[in-house]
Structure formats: C-alpha cells, structure tokens
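>>> One predicted model, sequence on top.
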Amino acid sequence: MSTPYAKLPAWADYGLIPLINLAVAFLVAGLVVLLVGESPVQAATLLLKGAFGSGAGIGYTLYYATSFIFTGLAVAVAFHCGLFNIGGEGQAYIGGLGVAIVCLSFDGVFPWWINFPLAILGSAAIGAFWAMIPAILQAKRGSHIVITTIMFNFIAASLMVYLLVGPLKPMNSMAPQTRTFAQDAWLPKLDWLLELFGATIRSTPLNLSFLLALVMAVVVWVLIWRTKLGYEIRTYGFSPKAAKYAGIGEARIIVVTMMISGALAGMMALNPVMGDQHRLQLDFVTGAGFVGIAVALMGRSHPAGIVPAAILFGMLYQGGAEISFVMPNISRDMIVIIQGLVILFAGALEHMFRPSLQAVLASLAPKSMGMSATKREGA
Amino acid sequence: MDTLVQLLDATVRVSVPLLLACLAGLYSERSGVFDIGLEGKMLAGAFAGAAAAAASGSAWTGLAAAILVAVFLALVHGFASITHRGNQIVSGVAINFVAAGSTIILGQAWFRQGGRTPSLVGDARFEPIELYGAEAVRDVPVLGPIYSDIISGHSVLVYFAFFMVPFTWWALFRTRFGLRLRAVGENPAAVDTAGVSVTWLRYRAVIITGVLTGIAGAYLSVAQNAGFVKDMTAGKGFIALAALIFAKWKPVPAMFACLLFGFLEASSIRFQGMDWPLVGRVPVQLINALPFVLTVILLAGFIGRAIPPKAGGVAYVKER
C-alpha cells in the first residue's frame, strides 16, 4: 500500500514532527498535573533539578536510561522488519534468568571480567529464545506476533514467580529472590565517569552496562544500515512481497530479527540484576520493556534517536521520584501517563499534525515541497 | 458437592468481567479495529465507576460514569486508528498506559487512600438479586443448588453480561448492522463501494466496545468488589483478548472460553497449595499461565485454527 501522506523535507520529518508530537504529549501531561492541583511549571522545574541537578541525579538518570536503551533498541530492530515486539518486558524478565544462572554458578570462580561476557551471552541467549518461539509461530504457523508476545509476557511472569518462590530461593529465606551474588559477579560502577566531569557523588547504581548499551546502539546501527542482513530486514519491513521476490527467506528473516530483538531485550537484565541489585528479584524489569516501545517510537527506530529518548525517559523516572517528595499528589505513576501520551502522540497519532504542517510549509516555501500542496486536502 | 457448587458460583462471578470485555473486543475486532486496549478501558471504567459511586452514593451513577470514561478512551482509539490511520496496536498500548497511570494519580489526589477509592456501601453497590423462587427450590436435588446458588444471587450486571451473548449473536448474524459490521472487517472496500461509510461503521463498533468495557470495569469495582484498588484489572483485559481468539471471534464460543478461563482462575484460588492424587501439588502459577499457554497453542494451529477478520489492523484508505 502506498503511503497516503506526501513527503516532507527530512528536517521536518525527523526533527520537527517528533518535537511537535512530544510537546503535545507533555502539554497534555501538564493538564493532568493541573487537574490534581499542582503547578506544571513547578513540576517541570523539580523534574529537571531532580534529574540533572546533582551528580547522583545524573547517575540515576543514566542508570534508568541504560535499561531503556536496551529495550528501545529491541523494539526498534523488530520495527525495521515490520514486526511489533511487544514482548520486551517478558524477554527482559526471562533474560534475568540467564544473568542469574551465570552469576550463581560462577561467582567465586571467575573474576567479574569473565563473568560479564558470560552473563551477556546468558541473558542474550535466553531473551532470544523467548522471542524465537513467537517468531517461529508467526513465520511457520501465521499466528499474530503481537498477540503471542503479549501471551509470552504473562507466561514469563508466571514462570519467574514459580522459580523465585520455589527452586531459585535459598532454603532459609522467605523473600522471593535468589541469594546475593558474591562480589566478583558485580559489575563495576561508573562513578569515576561522572567524576571525570566534575560531579561529586556518593553512590549511584550507574554501572558498566551503560557503556555496553552504547556499544549495542552502535552495533544496531551497523547491523541495520551497513550489513546485508540489515538490508534484508529493512527490505522485508518495507515490503514483504518485494523481499520474497528478491529471494529473501521470509521465515528466516522473521526468526533472526526477533531473536536479535529478544537478545537485546534480554541484555537489559544485566543492568539491574548484575549492576545494581546483585540478585534476581521479582518484577525487576518494572515496565522497562514497555518503556522501550515509547523510546523506539520517539527515537524513530534509529539508535541516534533512541539514546536521547532513553535518557529523556531516564530523566522522567529519576526526576519523577524527586517530584513525589515535594508534591505528594504526583507519584512515579505520572511517568506511566507521560509514557502513554508519548506512545499515543508520537506513535498512533504521528500523522495528526502532518497535513497542517504540510500546508504551513507549502505556503511558506512552495518550491521546497516539490509539489503543489493544495492537491491533498484533509487526510 | 458443596465445594463444586461454590466453585461454579465463583466461576460465574470471575467470568463476567472477562465475558463483557471479550464481547467488547468482539465488536471492535469484527469491524477490523484491533484493540489491545481492553485492559486500559476496563481499568479506567472501574476507577470512574467506583469514584462516581462513592461521590454520589448511587451504583447506577457509577455505571454511567464508567461507561462515559471507557467510551471516551474508545473514541481516542478510534480517532487515532480510524481517522488518522495510526497503528492500532500502538494506540491500544498507549491507552493501557494512560489508564494505568491516571487511575492511580487521580485516585491518590482525590481520595488520598493510596490509590484506593472509599469503600462502597448500600446503594452505591450493585447488590445480589435473589431470583424468583430461589429459596423454595433450594432443597430439590441437583437442580435446586444449581438454580438457587449458581444461577440466582448475582448482581444485575451478571445477568446483563450473559444476556449480551445471545444478543450479540443476534446483532451480528441477524441484523443489517451486523452484516455490515462483519463485512467491514473482512473487506472494507466492498462496503465502501456499496455506499456505506466505513468510518462511521467502525466508529460505532468502537463505541460499543467502550460501553461494554465500561460495564466490565463497573462490575469489577461496584459489583464484585466494594471499591477500586490500583491495577485491579490485573491482566483481565488480556485474558479476555485471549478468550476472544480462543473463541475464534464468535459470541457463543466466547462465553464458553470466558467460563473456562474463569473456572481456571476460580479453581487456582480455591485449590491453592492442595495436594492432588497422582500429580502432587500443581503450582498455582501454572494454572494462572494456562489461559495464555492454551491461546498460544491455539494460535499455532494445533487445536483448530483461529483466523482473525481479514481487514483487522489495517486502516482503510478511501482514495487510491
């Protein structure tokens, strides 16, 4: 199906439209703040101060952002193939199992710099496996990947509860979590990185997986835009028919893409499990898998957009905690609303402002549009 | 015998929100609009229902508020996915988040009970209805308990939900509106060619979805429970979605699917931690996951095939 909307200049398409959508999302969020009787301006000030006002604030912001980079990349890779991987939450949750198995087996055996790559492999492998089943079902049996990945989120949650209240729990403990890993399965903190920039910090959970997330962002860029596989993924996403005609194996590309996506989501578990809590806990993902959807949509599925979008959401998470100290009416859950609004305006309603923007641009500089804008009326 | 009667009674009660949400999804998806925002609409409805019932002291006001809010969210979904041809899945996800966040924020701001609404008492709740002659036939073997304990003694919304099953069947398969609704989900271009507005038909379907999810939400907070607690839908919207697929988008099978999933939920609560002969203790998590596992197996085509409406998920573009 041809795109029903005319092309805009690149700067408007990739810069202006996302900005407008984001601004509207925050405007509506501001209305909610007004509705509960607080000042949106004051809330925004508190948010920024909480997120970037101190070294510790920046550390926490980047710590949250780390998780969102992983899950955002996971969703983005699937988007490029025309697949909607809504199962990032479950893949990340189950990926924690891979981290925990490695850490519980090899802490006290290997130093952290051997455990780290092993844990990367473990989390990625299990995350990829969890995404592979829905992918195979989509590729071979034609079941809708959105539905199956939702179902797999719930199955993952049940499985993890079972494991954490049963087999993985130490004998003498009541809490549904594994034992704490020994020190040599802890990821090094990145406090020095922040101190390099002159910040003074006591302690933040920011850890080495942040750098891994940045590396993965580059890897994803290379994969999607500089390799044969990436070309095939984008081709299939653009037109499955054309891809088939070009001899690209449909089943293979779906399964491989989803496994990459699942592996990225699974790696998210490294950040909280190995980097901060040093044990596997119930619900450690806390919605990061779903934030990934918002991040990928906002970042236009490009790593260069995903990293800042992830940092923005990290800021919301950290700053949101700060706001709730001062304004008891506004808890962390405000972020869930903002997240929903961002998904709504940057995702589902992304074309809402396009026709009017097109008209404005055309009236300003008709030539830059390369077409007569009057032809298209009201989408 | 007593255990069985209680179990079936509980099954009916926990199936009702599933059934209402499932039928809600049926209208929308049959018209070609996928809706994974059932959960969010139900949650928002539950909150609005409990809040309005608490404020006004009337369960019916609560029900009206629940429907109003759920329809509003349904219209947002319609606006995004029908008018602006946005991605229907993305829009549904967005609605789930907005509902999850705003019910907690507004609940805390208005009632200051940690996201709860005040407990509803008296007229602010839908009370159980004793059906005619329920006391008199209680002692009749087999049929007596079935009538007086399982069928009788539920709130009016329960009977409404089960009434909606044959009604939906009739509306879909025996009316002009139903024929067009099904057609627009399979081949919107044909409906358009026949001079019927695809947009208006889909909007109507989406509004019905809103009404039914609103009632489902009100049932949760105003009838089944006495107030709203945060995240009270707890995945029911997705189980309803699973039931809808399980029922292959048909109303009567939808009822049986919801009763089956409701039975699983009721028995997982009832038999928690009980030892069974031969198999030993069944982990409660396995029973909780069973609806999702069954749906995946069904989707994979191992127990009959579930074929969704052909035009589902695709926005209709008139000019080409």
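Good, I have the coordinates.
>>> hmm, the longest helix seen in chain A in reach of chain B?
The single longest helix within chain A, with elements called by DSSP state H, is helix A:112-141. Yes - contact of helix A:112-141 with chain B (Cβ under 8 Å from any Cβ of the partner chain) involves A:137, A:141. Bear in mind the C-beta positions are built from the backbone N, C-alpha and C, glycine included.
>>> buried residues in that helix?
Using 16 or more other Cβ atoms under 10 Å in any protein chain shown as the test for burial, helix A:112-141 gives A:112, A:115-116, A:118-120, A:122-139.
>>> what do you get for stretch A:90-106?
Across stretch A:90-106, burial judged by 16+ other Cβ under 10 Å covers A:90-104, A:106.
>>> Can you tell me which of these is nearest chain B?
Proximity of these to chain B (Cβ to the nearest Cβ) peaks at A:Gly90, which lies at 10.4 Å.
>>> hey, where'd the helices end up in the stretch 1-150 of chain A?
Taking DSSP state H, counting those that start in this stretch as the test, the helices found in the stretch 1-150 of chain A are A:10-11, A:17-35, A:40-52, A:55-80, A:88-106, A:112-141, A:145-165.
>>> Could you point out which of those sits nearest B:Cys22?
Among the helices of the stretch 1-150 of chain A, helix A:145-165 comes nearest to B:Cys22, with 13.9 Å by Cβ to Cβ.
>>> can you tell me if the closest one touches chain B.
Yes - residues of helix A:145-165 contacting chain B under Cβ under 8 Å from any Cβ: A:146-148, A:150-152, A:154-155, A:158-159, A:161-162.
>>> Could you list the low-confidence segments of the stretch 1-150 of chain B?
Low-confidence segments of the stretch 1-150 of chain B (pLDDT under 70): B:1.
>>> Show me where it has its strands.
Remark: strands of the stretch 1-150 of chain B are absent; assignment by DSSP state E, counting those that start in this stretch.
>>> And the helices in it, which stretches?
Using DSSP H, counting those that start in this stretch, the helices of the stretch 1-150 of chain B run over B:2-30, B:38-56, B:59-78, B:88-111, B:143-145.
>>> Would you mind giving those helices as CSV with distance to B:Phe261 added?
What follows is those, written out as CSV (distance: least, Cβ to Cβ, whole Å):
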stretch, distance to B:Phe261
helix B:2-30, 6
helix B:38-56, 14
helix B:59-78, 21
helix B:88-111, 19
helix B:143-145, 24
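>>> near chain B, which residues of the stretch 251-379 of chain A show up?
Residues of the stretch 251-379 of chain A that fall close to chain B, judged by Cβ under 8 Å from any Cβ: A:290, A:293, A:297, A:328-331, A:333-341, A:343-344, A:347-352, A:379.
>>> Mind checking which of those residues are buried?
A:290, A:293, A:297, A:329-331, A:333-341, A:343-344, A:347-352, A:379.
>>> out of those, which are inside helices?
Using DSSP H, A:290, A:293, A:297, A:333-341 are the members of these that sit in helices.
>>> Next to chain A in this structure, residues from the stretch 51-200 of chain B, please.
Residues of the stretch 51-200 of chain B lying near chain A (Cβ under 8 Å from any Cβ): B:76, B:79-81, B:84-91, B:93-102, B:104-106, B:108-109.
>>> Check the burial of B:Val156 by counting its neighbours.
The tally of other residues near B:Val156 (other Cβ atoms under 10 Å in any protein chain shown) stands at 16.
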